[in-house]
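*Asks:* Structure for this input, please:
(chains A and B)
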There are 2 protein chains.
Amino acid sequence: MSAVSDDLTTAARSSARVLAAAPAAARNAALAELAAAIELRAAEILDANARDVEGAQDQRAAIVDRLTLTGDRVRGMAAAVRAVAALPDPIGTVVADHRREDGLHIQKLRVPLGVVAVVYEARPNVTTDAVALTLKSANACILRGSQLAASSNAVLTEIARTAVEASGLPADSVSELGGDRDALRAFVARPNATDVVIPRGGEELKRFLLEHSRVPVLAAGGGNCHIYVDAAADAGMAEAIAINAKTHRPGVCNAAETLLVHRDRADLLDAIGAALERAGVELVEGEEGWSTEFLDMKMGVRLVDSLDQALDHIAHYGTGHSEAIVTADPEAARRFVTEVDAAAVYVNASTRFTDGAEFGKGAEIGISTNRLHARGPVGLEELTTTKYIVHGDGHIRT
Amino acid sequence: MSAVSDDLTTAARSSARVLAAAPAAARNAALAELAAAIELRAAEILDANARDVEGAQDQRAAIVDRLTLTGDRVRGMAAAVRAVAALPDPIGTVVADHRREDGLHIQKLRVPLGVVAVVYEARPNVTTDAVALTLKSANACILRGSQLAASSNAVLTEIARTAVEASGLPADSVSELGGDRDALRAFVARPNATDVVIPRGGEELKRFLLEHSRVPVLAAGGGNCHIYVDAAADAGMAEAIAINAKTHRPGVCNAAETLLVHRDRADLLDAIGAALERAGVELVEGEEGWSTEFLDMKMGVRLVDSLDQALDHIAHYGTGHSEAIVTADPEAARRFVTEVDAAAVYVNASTRFTDGAEFGKGAEIGISTNRLHARGPVGLEELTTTKYIVHGDGHIRT
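*Replies:* Numbering: from 1, shown residues only, chains lettered A, B, ... in the order given. So this is what the prediction gives:
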């Protein structure tokens, strides 16, 4: 396996050199070609997918549902590729420009990261999403889907490679890492296997990569998110935000997991708690409720004595993802946004907005709670790095 | 040792929370206090340093020289702290601002990284440089100097802690990791020991950290840098740049290590080679010359058939630090800056400019060849991360 994965890396790096020099038009043409090919070869994709679904009948219904493609879902995949192609080009933007008195001209430009590995679960649409985001940002990608979706992914990867090549870019801009978990472990154990690895999937996959990868792992943080209802909160707003943050989509990382209420508003804990229970949420008090990322219709609750106690609670139990205060007090809001250490901090809004599309980035490949490189939604810009370009006229340092 | 280093981390993280909320004035006051204390307690610093120097008499002269403080050098340390204090505050800057049609206001602000470990060799001035840069950027620091400089560093760390505390900030904003190499290895083996570790020192130290650290390591890349003399190069400019890039300070990472000359200008290889030899540089042909980062008065040389061969050579042997082309041909320059993958790419200028101060950053703590987070000189801005602050008026996601 190691020889094979070395080859994958070499071929991807060589393609990445070509992509970095290719104009945006060539990358967009490849994505247009890919979208068209997805539609044209829909029957083939659905056939392959049917084989995967047949092999997955012993899996949980939710897994089978995410694995299953339909004609509508395939058209949705093509539409998603076109939507990414239509986004502004993230490459070549000048992010800093400094001309020295001696005339030396120093510019800092956005350039591709290089090679991006994306590791995901049994959702075939992630294959084409990942190709779209990495190619648009001029990165080569190495895809590693679930073995449950092996047939679907094989066809989709082949379609992507053909589309890329038809547009005059190297087929190895897109490649697939096969094999079992041991193969994945061996792959990411090499510090230079890729420039970054991005998990798209559940907590177990993220933990696996954090434990075994020597390649930097991006967007692997969990979300133990809080709604803090301050002494100066509007009752109706607090209830609406708590209900939305918990129940709108409880299984995702920006869903709220614990409700903190200032002791002066203990009445609100009763009212919001009753509303949550009517919505089907089970309230959990104490350590278990506070330390668990339920990703389910359960929510920790706590009365706190003060804003300071809320801040301490969040510093202790939070995972640095998304945190919200509901308050009409500007000073409490100022302290909360300054002192809470998280990717996104909200005043009078639901934590559910932490999302690439909601933040105006067009699309995302995940949400980072890392402090280095990218924090928050990982969109096209976060799939780039920078390069200094310096123009002189014989300048030497003296 | 592990209990002790756990305690260091906990105390540093708790101080980092306070620093993140402290105004720039408080951090600048702490640096002013530190600069004054360095001057006031110069005799004590010099006494401690004399003990270190006495214990280092079996070391190489260059090491003893870097270890040795004088009255002038101590005054220089205080001046360097004041210079950092005078730089613009990197914290709180709004780097993105997006107001949605529904009124939700999303801002991305610069905030401190958190806790920064700095690991360095027997240069006591790095202690106060590191304190200045990390405190200015509102980070707590954990310092790890060389045991050769133990007495100097103990006094300097105590002075820094006292100065910080006198300014109303937590003393544990600055702390020192003691013990031997095993203690350092155990410390960085914990993924959350600090948010980042920055080596300031030689290649062996960098390799040690890259091998053993599970904390992200910043600025640990070497510099196998090239000067490519293109077919369209000006002869005098090519010679001046090659001499400067190799001999101005041969022991640093932005010094050039290999000279590539286009075959059409073989005469220039002779002329520049002769000039380099007159300047005391030994020329080394073949694989050894191309693959070695000499950090010395030696330089690899190669005639290349074309710009493409130069690009391939740099892609193969380069370390992604600083690369230069000398040419009067705009198309060759354009291809070189687009296709060379490095932190800094130069047209008609010496690679020696890759430096925080030269790039207008005021100061640097190192140079990164990483692709993630920071690439090039690591100044105050690169010691920050970002946080999204979102203000709503009861906004929920539907």
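*Asks:* Report the secondary structure element holding A:Val337.
*Replies:* helix A:330-339 (DSSP states H and E).
*Asks:* average pLDDT across that helix?
*Replies:* On average, the pLDDT along helix A:330-339 is 97.
*Asks:* Give me the contact status of it with chain B.
*Replies:* Yes. With Cβ under 8 Å from any Cβ of the partner chain as the measure, helix A:330-339 is seen reaching chain B through A:Ala333, A:Arg335, A:Val337, A:Thr338, A:Glu339. For every residue, glycine as well, the C-beta is placed using N, CA and C.
*Asks:* Tell me, how many residues neighbour the closest residue to the fourth one other than its chain neighbours?
*Replies:* Of all residues beyond its chain neighbours, the one nearest A:Thr338 is B:Ala21 (5.3 Å), with distances taken as Cβ to Cβ, 6 or more residues apart in numbering or on different chains. Around B:Ala21 sit 14 other residues, with neighbours defined as other Cβ atoms under 10 Å in any protein chain shown.
*Asks:* Same check on A:Leu295?
*Replies:* 17.
*Asks:* just the helices in chain A please.
*Replies:* In chain A, the helices defined using DSSP state H lie at A:2-21, A:24-40, A:42-55, A:61-67, A:71-85, A:124-136, A:150-166, A:181-188, A:203-212, A:235-247, A:266-278, A:286-291, A:307-317, A:330-339.
*Asks:* Dump the ones you listed to a markdown table, plus distance to B:Asp58.
*Replies:* Putting the helices of chain A into a markdown table (distance: least, Cβ to Cβ, whole Å) gives the following:
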| stretch | distance to B:Asp58 |
| --- | --- |
| helix A:2-21 | 44 |
| helix A:24-40 | 59 |
| helix A:42-55 | 68 |
| helix A:61-67 | 66 |
| helix A:71-85 | 62 |
| helix A:124-136 | 54 |
| helix A:150-166 | 61 |
| helix A:181-188 | 44 |
| helix A:203-212 | 43 |
| helix A:235-247 | 64 |
| helix A:266-278 | 69 |
| helix A:286-291 | 54 |
| helix A:307-317 | 48 |
| helix A:330-339 | 51 |
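*Asks:* Looking at the ones you listed, which is nearest to B:Gly356?
*Replies:* helix A:2-21 (25.7 Å; Cβ to Cβ).
*Asks:* Nearest residue to the residue of the stretch 151-300 of chain A found nearest chain B in space, please, no chain neighbours.
*Replies:* When scored by Cβ to the nearest Cβ, the stretch 151-300 of chain A has A:Asn244 as its residue closest to chain B, at 3.7 Å. In this structure, A:Asn244 finds its nearest non-sequential neighbour in B:Ile396, 3.7 Å apart by Cβ to Cβ, 6+ apart.
*Asks:* The one you found and A:Ile241 touch, don't they?
*Replies:* Yes. Between B:Ile396 and A:Ile241 there is a contact under Cβ atoms under 8 Å: 6.1 Å.
*Asks:* Give the residues shared as contacts by the two.
*Replies:* Both B:Ile396 and A:Ile241 are contacted by A:Ala349, A:Ser350, under the criterion Cβ atoms under 8 Å, 6 or more residues apart in numbering or on different chains.
*Asks:* For those two, work out which one has more neighbours and name it.
*Replies:* Neighbours were counted for B:Ile396 and for A:Ile241 using other Cβ under 10 Å; A:Ile241 has more, 30 against 17.
*Asks:* pLDDT weak spots in chain A?
*Replies:* For chain A, the stretches flagged by pLDDT under 70 are A:1-4.
*Asks:* State which strand of it is the longest.
*Replies:* Determined from DSSP state E, the single longest strand within chain A is strand A:384-395.
*Asks:* That strand: partners in the sheet, and parallel or antiparallel?
*Replies:* strand A:105-112 (antiparallel), strand B:344-349 (parallel) (DSSP bridges).
*Asks:* Could you tell me the angle between the shortest one and helix B:330-339?
*Replies:* It refers to strand B:344-349. 160 degrees (axes from the mean of the first three to the mean of the last three Cα atoms, to 10 degrees).
*Asks:* Now do strand B:344-349: distance to the chain's middle.
*Replies:* Relative to the centre of its chain, strand B:344-349 is centred 19 Å away, using Cα atoms, centre = their mean, to the nearest Å.
*Asks:* residue contacts, the nearest residue to A:Glu358 once chain neighbours are set aside?
*Replies:* Closest residue to A:Glu358 apart from its sequence neighbours, by Cβ to Cβ, 6+ apart: B:Arg397 at 7.1 Å. B:Arg397 makes contact with A:Asn244, A:His248, A:Ser350, A:Arg352, A:Phe353, A:Glu358 under the criterion Cβ under 8 Å, 6+ apart.
*Asks:* gap between A:Arg144 and B:Glu176?
*Replies:* With distances taken as Cβ to Cβ, to the nearest Å, A:Arg144 is found 43 Å from B:Glu176.
*Asks:* I'm done for today, thanks for sticking with me.
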